[in-house]
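Peer 1: Just to be clear, the model below is a prediction. Sequence and coordinates:
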Amino acid sequence: MSKPITVGAPALDQLTVTAPQQGLCQITEDIAAWVRERAVTTGLLTLYVRHTSASLVIQENEDPDVLRDIEDFFLTQVPEDTSLYRHNSEGADDMPAHINGAITQTHLAIPVADGQMLLGRYQGIFLFEHRHRTRPRDIVLHFQGH
Amino acid sequence: MSKPITVGAPALDQLTVTAPQQGLCQITEDIAAWVRERAVTTGLLTLYVRHTSASLVIQENEDPDVLRDIEDFFLTQVPEDTSLYRHNSEGADDMPAHINGAITQTHLAIPVADGQMLLGRYQGIFLFEHRHRTRPRDIVLHFQGH
Amino acid sequence: MSKPITVGAPALDQLTVTAPQQGLCQITEDIAAWVRERAVTTGLLTLYVRHTSASLVIQENEDPDVLRDIEDFFLTQVPEDTSLYRHNSEGADDMPAHINGAITQTHLAIPVADGQMLLGRYQGIFLFEHRHRTRPRDIVLHFQGH
């Protein structure tokens, strides 16, 4: 792949996504569409979610069972049980949402070459919505490159 | 938000923070002060902690109970119990510190626009000190943009 | 350290690593060799692993017991037990691999100054291979700076 690149027109934008339900919501195509639209070539794409009860994860895009198993792991590891937490004023799922947000990512960075994100063949980009009542989540897209 | 940016004067610096005690120590204002001082406008700020027993987390900046619940989760999940670990020469809290460091982040990236970090309304930046005896922690600040 | 930098020749490359066995495989010297070879000076290095059953971690480079304890933690927390998961078609270690990938990092960013990564004294860069049957893992290296 080895290619020197020069710096041209970086870009900053925001995408707002509302997941259909709690769990992993794939946004790969939304991000890919933005990369195509901005006509960027080579550089680094950074995604940043502006919330503490939702997060970002790169995971398998092939078998939906993988996603269900990941969701189950987090629900089991961090139970929605108010007896475990001090902060319960926003519901039983709020404190687990913060903890799962701390364990997963607030931002991701993905290299781009030839106008394509260098995702692996089985990698998808997911918004991880940790709340039952989903809401619009702001994701900042920053591209540095040309 | 959609705004093209051009590349100008990136900057590299180091901030040293000693947390008052084990747990989450908010550093949002220290970072915001650096952003103001460097008079940057638009780009990407990266924070990198040069230690393996402290880490970085973006979390809720509003209710301190959320922070206490997050700290409790990590203390419960990774007990300070020397019978569980091979590496005990640096104390019962050392190996949990490394594990909690591996689960959370060594670096964070935060987009900046109009001279402001694009943190969500309830997001704060925290140094997560995993040791009981706190020590000075070096955090590298790297800004790319203009 | 405080030094303004200007943008010069960013670079994009790929490194392929096959871990000798499941667990943490140090790649610090491979990455340092690339930094030297490209003769970069100051900026930000991003590593991105193009797989969902391997990940990247910065951890202690001194006592191998720390690495074994970290590996044990993940194996205990996410057991290789098919009765726990829906997705078992790729073996008992596949679903734990995805979960451990989600908990750790798909990418890392490390600041570079004076031609050296600003790793802490005890920090090493590791490929975290989550599968028993190891395979070649593609890691994209992106450098932005000069």
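Peer 2: Perfect, I can see it now.

Peer 1: so A:Y122 makes contact with A:D63?
Peer 2: No. A:Y122 lies out of contact with A:D63 (Cβ atoms under 8 Å); the separation is 9.2 Å. (Glycine included, C-beta is placed from N, CA and C.)

Peer 1: Output the lowest mean pLDDT helix or strand found in chain A.
Peer 2: Here the helix or strand of chain A ranked lowest by mean pLDDT, DSSP states H and E is strand A:3-4, holding a mean of 38.

Peer 1: Downstream of that one, the next helix or strand is which one?
Peer 2: strand A:11-17 (DSSP states H and E).

Peer 1: From the contact counts, what lies against that next one?
Peer 2: On a contact count with 3 or more Cβ pairs under 8 Å, 6 or more residues apart in numbering or on different chains; DSSP states H and E, strand A:11-17 meets helix A:28-38, strand A:137-145, strand B:3-4.

Peer 1: could I get those as CSV with distance to chain C and mean neighbour count?
Peer 2: Compiled in CSV, the helices and strands packed on strand A:11-17 are given as follows (distance: least, Cβ to the nearest Cβ, whole Å; neighbours: other Cβ atoms under 10 Å in any protein chain shown):
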stretch, distance to chain C, mean neighbour count
helix A:28-38, 13, 15
strand A:137-145, 6, 23
strand B:3-4, 16, 12
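
Peer 1: Of these, give the one that comes closest to C:L47.
Peer 2: strand A:137-145 (15.9 Å; Cβ to Cβ).

Peer 1: Report the angle between that closest one and strand B:137-145.
Peer 2: Calculated by axes from the mean of the first three to the mean of the last three Cα atoms, to 10 degrees, strand A:137-145 forms an angle of 70 degrees with strand B:137-145.

Peer 1: Chain C contacts on chain A?
Peer 2: Within chain A, the positions near chain C by Cβ under 8 Å from any Cβ of the partner chain are A:1-7, A:42-44, A:57-60, A:63, A:65-66, A:68-70, A:73, A:77, A:103-105, A:108-111, A:113, A:118-123, A:144-145.

Peer 1: Buried among the residues you listed? Need that as a selection in ChimeraX.
Peer 2: Of the residues of chain A next to chain C, the buried ones can be selected in ChimeraX as follows, counting by 16 or more other Cβ atoms under 10 Å in any protein chain shown:
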select /A:5,7,42,43,44,57,58,59,60,63,66,69,70,73,77,103,104,105,108,109,110,111,113,118,119,120,122,123,144,145
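
Peer 1: out of the residues of chain A next to chain C, which touch chain B?
Peer 2: Within the set of the residues of chain A next to chain C, contact with chain B (Cβ under 8 Å from any Cβ) is found for A:7, A:77, A:103, A:105, A:109, A:144.

Peer 1: Please tell me I have it right and A:R50 contacts B:Q123.
Peer 2: Yes. Counting by Cβ under 8 Å, A:R50 touches B:Q123, with 6.6 Å between them.

Peer 1: about what we covered before: closest one to chain B out of the ones next to chain B among the residues of chain A next to chain C, please.
Peer 2: Nearest to chain B out of those is A:V7 (Cβ to the nearest Cβ; 5.0 Å).

Peer 1: just to revisit the earlier point, right, and the helices and strands packed on strand A:11-17 - which one's nearest C:I31?
Peer 2: Closest to C:I31 of the helices and strands packed on strand A:11-17 is strand A:137-145 (Cβ to Cβ; 20.1 Å).

Peer 1: quick one on the thing from earlier: switch the ones next to chain B among the residues of chain A next to chain C over to TSV; also include pLDDT and distance to C:M95.
Peer 2: What follows is these, written out as TSV (pLDDT from 0 to 100; distance: Cβ to Cβ, whole Å):
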residue	pLDDT	distance to C:M95
A:V7	45	41
A:Q77	97	14
A:I103	97	17
A:Q105	98	20
A:A109	98	26
A:Q144	92	35
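
Peer 1: Rebuild those residues as CSV, extending it with distance to C:H87.
Peer 2: As requested, those are exported to CSV (distance: Cβ to Cβ, whole Å):
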residue, distance to C:H87
A:V7, 42
A:Q77, 17
A:I103, 20
A:Q105, 22
A:A109, 27
A:Q144, 36
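
Peer 1: Quick check: the gap between the residue lying farthest from the centre of chain A and A:A92.
Peer 2: Within chain A, the residue lying farthest from the chain centre (Cα atoms, centre = their mean) is A:S83, at 29.4 Å. Distance, A:S83 to A:A92, using Cβ to Cβ, to the nearest Å: 10 Å.

Peer 1: Please apply the same query to A:F126.
Peer 2: 23 Å.

Peer 1: ok, these two, which is more surrounded?
Peer 2: A:F126 (25 against 15; other Cβ atoms under 10 Å in any protein chain shown).

Peer 1: ok, now which ones touch the more buried one?
Peer 2: With contact taken as Cβ atoms under 8 Å, 6 or more residues apart in numbering or on different chains, A:F126 is in contact with A:24-27, A:56-59, A:67.

Peer 1: Skipping adjacent residues, who's closest to it in space?
Peer 2: A:L24 (4.4 Å; Cβ to Cβ, 6 or more residues apart in numbering or on different chains).

Peer 1: my read: the one you found touches A:D72, true?
Peer 2: No. Applying Cβ under 8 Å, one finds A:L24 not in contact with A:D72, separated by 11.3 Å.

Peer 1: just to revisit the earlier point, number of nearby residues for the residue nearest to A:F126?
Peer 2: Other residues close to A:L24 by other Cβ under 10 Å number 22.

Peer 1: And what about it, helix, strand or coil?
Peer 2: Three-state call for A:L24 (DSSP: H, G, I helix; E, B strand; the rest coil): strand.

Peer 1: And the residue of chain A closest to chain B?
Peer 2: Per Cβ to the nearest Cβ, A:R50 is where chain A lies closest to chain B, at 3.3 Å.

Peer 1: For that residue, grab the count of nearby residues.
Peer 2: Per other Cβ under 10 Å, the neighbour tally for A:R50 reads 21.

Peer 1: just A:H132 next, same as before
Peer 2: Count around A:H132 with other Cβ under 10 Å applied: 14.

Peer 1: With A:Q14 instead?
Peer 2: Neighbour count for A:Q14, taken as other Cβ under 10 Å: 16.

Peer 1: who touches stretch A:78-95?
Peer 2: Outside stretch A:78-95, the residues touching it (Cβ under 8 Å, 6+ apart) are A:22, A:53, A:96, A:98-100, A:130-132, B:63, B:65-66, B:68-69, B:73.

Peer 1: Please identify which pair of those lies farthest apart.
Peer 2: Of all pairs in these, the most separated under Cβ to Cβ is A:Q22 and B:R68 at 24.4 Å.

Peer 1: Now do the contacts for A:V66.
Peer 2: A:59-60, C:87, C:95, C:98.

Peer 1: ok, whichever residue of chain A sits closest to chain C - contacts?
Peer 2: Nearest residue of chain A to chain C: A:G120, at 3.3 Å (Cβ to the nearest Cβ). By Cβ under 8 Å, 6+ apart, the contact set of A:G120 is C:49-52, C:138.
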